[in-house]
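Trainee: I would like to see how this sequence folds:
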Amino acid sequence: MFNPKTKRIGKLAELFPKPIKELENIFDGDSGIYLDWQNVIHWQEKLGWRFNLKRIKQFFDSFSTIKFIKIYVGTLKGNEQSENQITELKIMGYDVKTKLVKIMPISIDVSSIPKNSPALLQSFIRKSLLKKLDLESIEFLNSKLAELNQRGILSIKDQKCNFDVEIGREMSCDFESDGLDNYILWSVDSDFADPITQISSGGKRAVIFATSGRVSPELDATGVLIFDIKKIKEFICWPKDLPQGIKDKIDGQ
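Mentor: This is a model prediction of the structure:
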């Protein structure tokens with residue numbers, strides 16, 4: 001079932017056989033992976049290491065029961081790096097799902113609001129947190145925005161590209177067509193609780209690939225298996241993020 005696609009993966013599998021055995025048990029039938037890259041990319045800061053999409057594809061292609069890896073990633077129109085990434089992902093063999101990233105201007109002009117008003121801040125800070133801030137803190141934050149205004153900065157551009165609807169719909173469609181035994185979701189958003197519950201209640205296996213402590217309470221409450229991706233770091237990270245000891249063992253074999 002596990003047949004390493006590269007010599008490097010084979011060497012790593014000899015060093016780290018435990019996660020391979022665990023994944024063979026998870027991928028015990030036809031399996032599909034749904035990788036919410038717009039969500040996953042933000043995990044890197046907490047992890048302290050970076051995902052290598054080429055190595056992720058090679059690693060999971062080493063399991064014969066993986067039928068596809070659907071990756072959901074936004075395209076920033078006119079951005080050469082973003083557009084090239086889509087092309088590269090297709091060349092790697094990913095089933096790429098993309099749409100344009102929305103660029104939304106958000107006003108930070110505080111000239112018309114009182115210094116102690118949270119009216120503008122609530123666009124950036126959750127109301128539950130704003131209620132905990134004293135007036136001095138609100139005035140301080142508004143003063144910082146006023147400083148930006150004095151420099152001619154009256155708005156910022158925010159990027160938005162959410163694939164929750166598309167992923168949930170495709171997982172449900174694949175389930176209804178009875179195309180898979182195992183549904184592997186790379187995301188921690190609460191919106192996926194319903195399709196995950198549908199799949200597990202329907203006699204199929206759903207598994208969440210995530211980082212420990214990051215899964216939403218709604219997903220955790222589904223009771224499905226949560227696989228900690230730190231277990232496979234060595235297989236899917238950039239070479240520079242590998243400990244030197246591991247590099248030496250790979251090169252020395």
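Trainee: And the strands in this structure?
Mentor: For the chain, the strands defined by DSSP state E cover 31-36, 66-72, 95-97, 102-107, 155-160, 182-186, 205-210, 225-228.
Trainee: pLDDT at the nearest residue to residue 116 once chain neighbours are set aside, what is it?
Mentor: Distance criterion C-beta to C-beta, 6 or more residues apart in numbering; nearest residue to residue 116, sequence neighbours excluded, is residue 135 at 4.9 Å. All C-beta spots, glycine's among them, are computed from the backbone N, C-alpha and C. Residue 135 is assigned a predicted lDDT (pLDDT) of 92.
Trainee: pLDDT weak spots in the stretch 151-253 of the chain?
Mentor: 252-253 (pLDDT under 70).
Trainee: List the residues that contact residue 56.
Mentor: Counting by C-beta atoms under 8 Å, 6 or more residues apart in numbering, residue 56 touches 35, 69, 236.
Trainee: In space, what's closest to residue 104 - neighbours in sequence excluded?
Mentor: In space, residue 104 is closest to residue 158, 4.9 Å off (C-beta to C-beta, 6+ apart).
Trainee: Show the contacting residues for the one you found.
Mentor: 103, 104, 105, 106.
Trainee: Repeat that for residue 107.
Mentor: Counting by C-beta under 8 Å, 6+ apart, residue 107 touches 120, 123, 154, 155.
Trainee: bridging residues for it?
Mentor: As for beta bridges, residue 107 partners with residue 155 under DSSP bridges.
Trainee: Against residue 152, how distant is it?
Mentor: Distance of residue 107 to residue 152, computed by C-beta to C-beta, to the nearest Å: 14 Å.
Trainee: likewise residue 120?
Mentor: Going from residue 120 to residue 152 by C-beta to C-beta gives 17 Å.
Trainee: And the helices in the stretch 1-150 of the chain?
Mentor: Here the stretch 1-150 of the chain has its helices, by DSSP state H, counting those that start in this stretch, at 7-15, 17-26, 37-40, 44-47, 53-61, 80-92, 127-130, 135-150.
Trainee: Of the ones you listed, which is nearest residue 192?
Mentor: Of all the helices of the stretch 1-150 of the chain, helix 37-40 sits nearest to residue 192, with 9.9 Å by C-beta to C-beta.
Trainee: In that closest one, which of the residues would be classed as buried?
Mentor: In terms of neighbour count (16 or more other C-beta atoms under 10 Å), helix 37-40 has its buried residues at 37, 38, 39, 40.
Trainee: next one: stretch 86-102
Mentor: Buried, per 16+ other C-beta under 10 Å, within stretch 86-102: 86, 89, 92, 94, 95, 96, 97, 98, 101.
Trainee: same thing with stretch 11-29?
Mentor: 11, 12, 13, 19, 20, 23, 26, 27.
Trainee: Quick check: end-to-end length of it?
Mentor: Stretch 11-29 has its terminal residues 25 Å apart, counting by C-alpha to C-alpha, to the nearest Å.
Trainee: Done for today, thanks.
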